[in-house]
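Engineer: build me a model:
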Amino acid sequence: MPPAEHPAATAASAPRPTEGRVAALYLHVPFCPSVCPYCDFHKMLRSEPLVARYLDRLEAEAAEVATAYPGPLDTVYLGGGTPSHLRDAELERVFAALRRGWADADGRVGRLETTLEADPLTFDARRLELFRRLGVTRLSIGLQSSQDAVLAYLGRAHDAEAGLEAVRLALASGMRVNVDVIMAVPGQRLADDLRTVLDLGVNHLSVYSLTIEPDTPFGRRGIVIDPDVDADAFELAGDVVAEYGLERYEVSNFARPGEESLHNLAYWRGDRYLALGPGASAYLPEGAFGTRTKNPPIKTWLLGAPPERDVLDADDVVLERLMTGLRTREGVDLARLEARTGRALAAVAPAWLRDATRHGLLVLEGSVLRATPLGLERLDALLRAFVGSRASTPA
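Structural biologist: Below is the predicted model of the structure:
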């Protein structure tokens, strides 16, 4: 099947699904070539019998979900884990299941974008051509660093040259390419990392802080990231990436206009999305304000156990829209939010809104509320203050 063409679109002009239609799908592949010491995602090393059972269950789940939500889909995202760690025939089975459930008249499952997460050591030029034939239009490469010492610290299997060569090959393939870089790593020269990657011609860059979760090898070793180092890295990343003409359109994501991730924009805009695979989460148009679901871990998912379900209320939606929308350049349209929930933010948290705008953390332009650059740096604290203001407001 020929690869789907990706229309030029900016974040602001990217198409929106009609209310109630689910136009995005996330598929979780839990298998990894190795397990990084900082990662707390649902992942594991592969074994042949387990992968075979995973594929059988995935095919059945895709058929079930497609019956309930037949599409068409605008975006599909295969994340992990390491989806590119699947072998050729295994990936072909995955995409065949997606096409059976959601293919449009042209045989595409993601009409606008289909993204595959990839480890640098799991593809070459031949595999990139396979990805394209399957319909992948965007490759998200977990590079993490261009410095050998940093890669070794993070437990990555590839060295700097192998990682950079993978990026070069991906850029030459014609697919859109996103590169992940981790910042605030001890001993890292962040500006060198970013410039090395951007000098290759990358048009989309995701820059994430090293986060230490308790139930990881790093967490058990007691590794702690200095918040001042993290804050300095956040500011430095914005300055360096701006030199190359990429814009911060989400707190951790930079792109040239028209190169934004359409699938991730669906999350940040509060759109509905489907989920396949163990541990995968969905946001479904069920109930007055939607329902969040989360699939169980792989052992019970293989047995067909149902997902956990959380039916949202109006206050949940307000909080979630602020948590996701304020991360983005687009911000949150308060008029649209009030129409959707019946909640006016100025009435729900008047003191919080007044104080945040007075201190230069938020700006209200018409009905759109956005975080300022200072607000983005302090976004976690800002959202905690919002939750606290709600908790102290009488019902």
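Engineer: low-scoring pLDDT stretches of the stretch 201-350 of the chain, where are they?
Structural biologist: Low-confidence segments of the stretch 201-350 of the chain, defined by pLDDT under 70, are absent.
Engineer: just the strands in it please.
Structural biologist: If DSSP state E, counting those that start in this stretch is used as the criterion, the strands of the stretch 201-350 of the chain fall at 204-209, 247-250, 253-255, 274-276, 281-284, 291-294, 308-311, 332-333.
Engineer: partners of the third one, with directions?
Structural biologist: So the one you mean is strand 253-255. Using DSSP bridges, the neighbouring strands of strand 253-255 in the sheet come out as strand 204-209 (antiparallel), strand 247-250 (antiparallel).
Engineer: on that earlier part again, in JSON lines: the strands of the stretch 201-350 of the chain, plus mean neighbour count and distance to V136.
Structural biologist: Quick note: C-beta positions are derived from backbone N, CA and C, even for glycine. As requested, the strands of the stretch 201-350 of the chain are arranged in JSON lines below (neighbours: other Cβ atoms under 10 Å; distance: least, Cβ to Cβ, whole Å):
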{"stretch": "strand 204-209", "mean neighbour count": "21", "distance to V136": "15"}
{"stretch": "strand 247-250", "mean neighbour count": "20", "distance to V136": "22"}
{"stretch": "strand 253-255", "mean neighbour count": "25", "distance to V136": "18"}
{"stretch": "strand 274-276", "mean neighbour count": "24", "distance to V136": "16"}
{"stretch": "strand 281-284", "mean neighbour count": "21", "distance to V136": "22"}
{"stretch": "strand 291-294", "mean neighbour count": "16", "distance to V136": "26"}
{"stretch": "strand 308-311", "mean neighbour count": "13", "distance to V136": "30"}
{"stretch": "strand 332-333", "mean neighbour count": "22", "distance to V136": "32"}
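Engineer: kindly reformat the ones you listed as a markdown table containing distance to P350.
Structural biologist: Below are the strands of the stretch 201-350 of the chain laid out as a markdown table (distance: least, Cβ to Cβ, whole Å):
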| stretch | distance to P350 |
| --- | --- |
| strand 204-209 | 32 |
| strand 247-250 | 27 |
| strand 253-255 | 31 |
| strand 274-276 | 36 |
| strand 281-284 | 28 |
| strand 291-294 | 28 |
| strand 308-311 | 28 |
| strand 332-333 | 16 |
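Engineer: these: which one's closest to L265?
Structural biologist: Taking Cβ to Cβ as the measure, the strands of the stretch 201-350 of the chain were each checked against L265, and strand 247-250 came out nearest at 8.2 Å.
Engineer: H158 is nearest to which of the strands of the stretch 201-350 of the chain?
Structural biologist: With respect to H158, and counting by Cβ to Cβ, the nearest of the strands of the stretch 201-350 of the chain is strand 204-209 at 17.4 Å.
Engineer: name the residues that touch the closest one?
Structural biologist: 140, 176-184, 194, 197-198, 225, 230, 233-234, 237, 241, 246, 252-256, 259-261 (Cβ atoms under 8 Å, 6 or more residues apart in numbering).
Engineer: buried stuff in the lengthiest helix in the chain?
Structural biologist: Secondary structure assigned by DSSP state H gives helix 48-68 as the longest helix of the chain. For helix 48-68, burial by neighbour count (16 or more other Cβ atoms under 10 Å) applies to L50, V51, Y54, L55, R57, L58, E59, E61, A62, V65, A66.
Engineer: of the residues you listed, closest to F41?
Structural biologist: Y54 (15.5 Å).
Engineer: that closest one and G279 touch, don't they?
Structural biologist: No. Taking contacts as Cβ atoms under 8 Å, Y54 lies outside contact range of G279: 11.9 Å.
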